[in-house]
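Chemist: what's the 3D shape of this:
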Amino acid sequence: MNMMSATVETHPQERDSTATAGAPRLPMTLEQTGLSESFVSELLMKTLYVQGSRTGGQLAAFIRLSFAILDDLLLTLQQRRLIEVRGTKGKGRLGYTFALTTEGRERCREIMTTSRYVGPAPVPLTQYCAIVEHQKVEDAEVDEQQVADGLDHLVLHDDFRESLGPAINSGRSIFLYGHAGNGKTVLAEAIAEMLGDAIYIPFTVEVDGQVIAIYDPVFHEPVHEVGGNGDLDSTWMDPEPEYDMRWVRIRRPVVMVGGELMLDDLELQFDPLSGVFRGPPQMKANGGVFIIDDFGRQRVRPRDLLNRWMVPLEKHVDFLSLPMGHKLPVPFQCLLIFATNLDPAELVEEAFLRRIRYKILVDNPTREQYAEIFKEACEHRGLPYTPDAVDFVFEEYYSRPHLQERACHPRDITNHLIDIARYKRRDAELSPELLHMACDAYFLDVVDAAAELDDGDAGRFNAGSSLEEGRSGAGPDARSQDRLEDGRFDS
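Modeler: Numbers count the residues shown, from 1 in each chain. Got it, this is the predicted structure:
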């Protein structure tokens with residue numbers, strides 16, 4: 001049996017933990033949890049040590065296992081005089097208040113020296129692998145209508161949509177390249193939304209006694225509110241959960257990293273305070289989209305970063321390092337998206353780019369697309385739109401060398417204009433005067449700096465001379481000067 005099949009294959013009792021609808025089935029016995037008696041017993045003791053006295057219902061809600069499973073362990077701990085009952089707050093043992101004895105506290109101090117984890121009971125790695133295999137991203141197929149609906153809020157060519165759909169269905173890797181400001185990051189996020197259905201991820205995973213934290217509220221959005229914090233008592237009247245509550249039902253995740261990424265960030269990170277390993281970003285992205293933004297601007301060479309993904313992309317398995325040099329195989333089931341504004345040919349050689357299945361250019365908008373984006377930006381900010389405003393920007397600014405239209409410009413220009421109008425305590429409108437002030441604040445320094453540096457006269461680029469000398473005839477012509485003086489566009 002090869003390593004990949006060993007990673008995802010499960011024993012019969014573990015297959016039973018996967019419900020037909022894809023939800024992890026509620027375990028009815030300790031054996032079905034996949035955890036040992038000693039592990040759960042110690043977790044109960046550590047919870048009482050950290051939180052103090054708790055009812056049976058509070059313990060079940062916090063550890064996220066049914067009280068029927070925990071009660072046998074609580075009885076055993078009572079018999080060993082490690083815990084005791086301090087009172088009752090409800091019917092039956094579910095309402096009993098449990099606390100550590102003096103001997104139990106001493107024993108718990110010893111346990112905490114080797115394992116400090118306190119939280120929901122983890123899921124064994126084999127069960128985690130089985131569920132991830134059932135909800136892998138390549139099974140979430142999209143069609144033409146879904147792509148059209150998913151990109152409806154973006155202004156794109158029809159040909160671009162036709163290229164993107166098959167790339168999403170591949171479930172492998174996409175290389176988005178093009179100039180900065182044309183929406184590569186927004187596009188990557190829209191792809192994740194198109195994948196649709198919710199998936200399940202565990203709070204934590206257990207392997208060889210080590211706990212790996214997977215759930216991260218920064219990246220994982222629960223479909224239903226995550227409970228189990230122990231603030232409310234569970235009672236015998238509460239309905240039985242629909243699935244294993246060690247798992248969270250979330251939207252397919254979007255995990256993004258940028259220029260700060262280092263190779264070490266893609267490995268397990270041990271947190272000494274909580275006593276757990278933090279799952280790397282690609283593990284948190286399983287079932288969703290993993291975006292490496294600003295590719296080529298990391299402090300690690302692009303070639304080394306691409307090398308890191310060769311095996312995961314081909315085998316759908318990643319290997320993470322545990323203490324003592326042990327390599328841990330985990331699923332790699334996410335759509336990997338590289339986004340860059342650098343020339344792909346200058347980043348890595350062709351042999352490496354061939355490993356990335358789809359290369360898609362996110363180009364500058366055409367003038368017609370720019371006008372549509374500008375109109376939508378105005379509607380979003382409540383500005384009355386006029387096509388003359390787009391003509392003004394193109395004539396007075398995009399006619400200059402070194403300046404090209406970008407999809408983000410309309411949003412930024414309208415935001416600048418509104419800021420200026422608020423400062424001057426006047427109504428925001430697309431007047432030539434306000435547009436000129438907004439565009440000057442947004443474009444001027446970049447354009448003049450590029451022009452002067454290209455002329456080989458960097459010494460002229462200073463606060464005293466660049467505004468006048470650097471324009472070299474690019475300022476307002478007579479017609480635009482009349483517009484500024486009149487405060488209106490020609491009809």
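Chemist: show me what contacts the residue lying closest to Phe203 once chain neighbours are set aside?
Modeler: Excluding its sequence neighbours, the residue lying closest to Phe203 (CB to CB, 6 or more residues apart in numbering) is Pro120, at 4.2 Å. Yep, even glycine has a C-beta here, placed from its N, CA and C like the rest. Listed by CB atoms under 8 Å, 6 or more residues apart in numbering, the contact set of Pro120 reads 62-64, 203-204, 228, 245-246.
Chemist: if you set the cut-off to 7 Å instead, what comes out?
Modeler: 63-64, 203-204, 228, 246 (CB atoms under 7 Å, 6 or more residues apart in numbering).
Chemist: part of a strand, is Ala99?
Modeler: Yes - under DSSP: H, G, I helix; E, B strand; the rest coil, Ala99 falls within a strand.
Chemist: Test my guess that it contacts Glu84.
Modeler: Yes - counting by CB atoms under 7 Å, Ala99 touches Glu84, with 6.0 Å between them.
Chemist: Check which helices and strands whatever helix or strand Ala130 lives in is in contact with.
Modeler: Per DSSP states H and E: Ala130 is located in helix 125-134. Judged by 3 or more CB pairs under 7 Å, 6 or more residues apart in numbering; DSSP states H and E, the packing partners of helix 125-134 are helix 3-8, helix 12-15, strand 204-207, strand 327-331.
Chemist: Confidence-wise, which of the ones you listed is weakest overall?
Modeler: Between these, the one with the least mean pLDDT is helix 3-8; it has a mean of 36.
Chemist: Show me the two of the contacts of Pro120 that sit farthest apart.
Modeler: Spatial extent of those (CB to CB) is set by the pair Thr204 and Gly228 at 12.6 Å.
Chemist: quick one on the thing from earlier: can I take it that the residue nearest to Phe203 is in a helix?
Modeler: No - going by three-state DSSP, the assignment for Pro120 is coil, not a helix.
Chemist: what's the spacing between it and Cys108?
Modeler: Counting by CB to CB, to the nearest Å, the separation of Pro120 from Cys108 is 19 Å.
Chemist: Over to Asp391?
Modeler: For Asp391, the distance to Cys108 - CB to CB - is 74 Å.
Chemist: Between the two, which has more neighbouring residues?
Modeler: Cys108 (20 against 14; other CB atoms under 10 Å).
Chemist: Tell me, how many residues neighbour the closest residue to the more buried one other than its chain neighbours?
Modeler: Among residues not flanking Cys108 along the chain, Tyr49 sits closest, at 4.2 Å (CB to CB, 6+ apart). Here the count is done by other CB under 10 Å, and Tyr49 has 18 residues near it.
Chemist: Surely Tyr49 and Glu106 touch.
Modeler: No - the criterion here is CB under 7 Å, and Tyr49 misses it with Glu106 at 10.4 Å.
Chemist: Quick check on the closest residue in space to Val50 that isn't next to it in sequence: phi, psi?
Modeler: Of all residues not flanking Val50 in the chain, Val118 sits nearest, at 5.0 Å (CB to CB, 6+ apart). Backbone torsions of Val118, given as degrees, to the nearest 10, read phi -130, psi 120.
Chemist: for Val118, what are its contacts?
Modeler: Val118 sits in contact with 46-47, 50, where contact means CB under 7 Å, 6+ apart.
Chemist: rerun at 8 Å
Modeler: So Val118 contacts 43, 46-47, 50-51 (CB under 8 Å, 6+ apart).
Chemist: Go ahead and confirm Ser66 touches Ala60.
Modeler: Yes - contact criterion CB atoms under 8 Å: Ser66 and Ala60 qualify, at 6.3 Å.
Chemist: if you count what's nearby, which of these two comes out ahead?
Modeler: The neighbour count for Ser66 versus Ala60, taken as other CB under 10 Å, is higher for Ala60 (24 against 19).
Chemist: pLDDT score for that one?
Modeler: 95.
Chemist: mind checking how far the nearest residue to it once chain neighbours are set aside is from Arg93?
Modeler: Distances taken as CB to CB, 6+ apart place Phe67 nearest to Ala60, at 4.2 Å, with adjacent residues excluded. For Phe67, the distance to Arg93 equals 8 Å [CB to CB].
Chemist: returning to what we had before: between the helix holding Ala130 and strand 327-331, how big is the angle?
Modeler: Helix 125-134 runs at 30 degrees relative to strand 327-331, counting by axes from the mean of the first three to the mean of the last three CA atoms, to 10 degrees.
Chemist: Could you identify the helix or strand that succeeds helix 125-134?
Modeler: Taking DSSP H and E, what comes next after helix 125-134 is helix 144-150.
Chemist: buried set for that next one?
Modeler: 146-147, 150 (16 or more other CB atoms under 10 Å).
Chemist: Tell me which residues are up against it.
Modeler: With CB under 8 Å, 6+ apart as the criterion, helix 144-150 contacts 142, 161, 164-165, 168, 190-191, 193-194, 196.
Chemist: Report the rounded mean pLDDT for it.
Modeler: 86.
Chemist: same question, stretch 390-401
Modeler: On average, stretch 390-401 scores 92.
Chemist: List the buried residues in it.
Modeler: 390, 392-393, 396-398, 400.
Chemist: Reduced to three states, what does Phe219 come out as?
Modeler: Applying three-state DSSP: Phe219 is coil.
Chemist: Now for the protein, the helix or strand with the poorest mean pLDDT.
Modeler: Ranked by mean pLDDT, DSSP states H and E, the weakest helix or strand in the chain is helix 466-469, scoring a mean of 34.
Chemist: quick one: contacts for Thr97?
Modeler: 53-55, 85-89.
Chemist: Would you check which pair of those lies furthest apart?
Modeler: Maximum distance among those (CB to CB): 12.8 Å, for Arg54 and Thr88.
Chemist: ok, those two, which is more surrounded?
Modeler: Neighbour count, other CB under 10 Å: between Arg54 and Thr88, Arg54 has more, with 22 against 14.
Chemist: ok so Val211 is a strand residue?
Modeler: Yes - in this structure, Val211 lies within a strand as judged by three-state DSSP.
Chemist: Might you report the residue contacts of it?
Modeler: 115, 117, 122, 204-205, 275-277.
Chemist: how many other residues sit next to Tyr215?
Modeler: Neighbours of Tyr215 using other CB under 10 Å come to 19.
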